[in-house]
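A.B. asks: just to be clear, the model below is a prediction. Sequence and coordinates:
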Amino acid sequence: MKPILYIKSGCPWCREARGFFSEQGVEVEVMDVNENASTYQRMIAVSDQTKTPTFEYDDFVVADFDVEEFVEELDQRPDIKEALGLTLVDEDDY
């Protein structure tokens, strides 16, 4: 299962998140919620909010984040961190 990154085009935090995942070698399925109403509704259903970026992988959802916040959330889920191949990520790096 590939992680999903919900974005809105033009969002600076979304660009930052995409860059982070690219740098880490994590392949994500990017879904622009402005391009598809059903994608937007799915993001709301998964995260219970309307802001981006929002990351979904299995039962791990981080909504409306910057990279530092994402890494902090990820540190609480070592299983997800390992599954994504991010075992060396340290929140002090971001």
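C.D. replies: Looks like it came in fine. Residues are numbered from 1 along each chain as shown.
A.B. asks: the helices in the chain, which residues?
C.D. replies: 12-24, 37-47, 67-75, 78-83 (DSSP state H).
A.B. asks: the third one packs against which elements?
C.D. replies: In this structure, helix 67-75 makes packing contacts with helix 12-24, strand 60-63, helix 78-83, judged by 3 or more CB pairs under 8 Å, 6 or more residues apart in numbering; DSSP states H and E. Placement of C-beta: from N, CA and C, glycine included.
A.B. asks: go with 10 Å
C.D. replies: Applying 3 or more CB pairs under 10 Å, 6 or more residues apart in numbering; DSSP states H and E, we find helix 67-75 packed against helix 12-24, strand 54-57, strand 60-63, helix 78-83.
A.B. asks: same question for the last one.
C.D. replies: When contacts are defined as 3+ CB pairs under 10 Å, 6+ apart, helix 78-83 packs onto strand 54-57, strand 60-63, helix 67-75.
A.B. asks: now do the first one
C.D. replies: Contact here means 3+ CB pairs under 10 Å, 6+ apart; on that basis helix 12-24 packs against strand 4-7, strand 29-32, strand 54-57, helix 67-75.
A.B. asks: strands paired with the first one, and their directions?
C.D. replies: Spelled out, it's strand 4-7. strand 29-32 (parallel), strand 54-57 (antiparallel) (DSSP bridges).
A.B. asks: most tightly surrounded among these?
C.D. replies: Mean neighbour count (mean count of other CB atoms under 10 Å) peaks for strand 54-57 among these, with a mean of 23.
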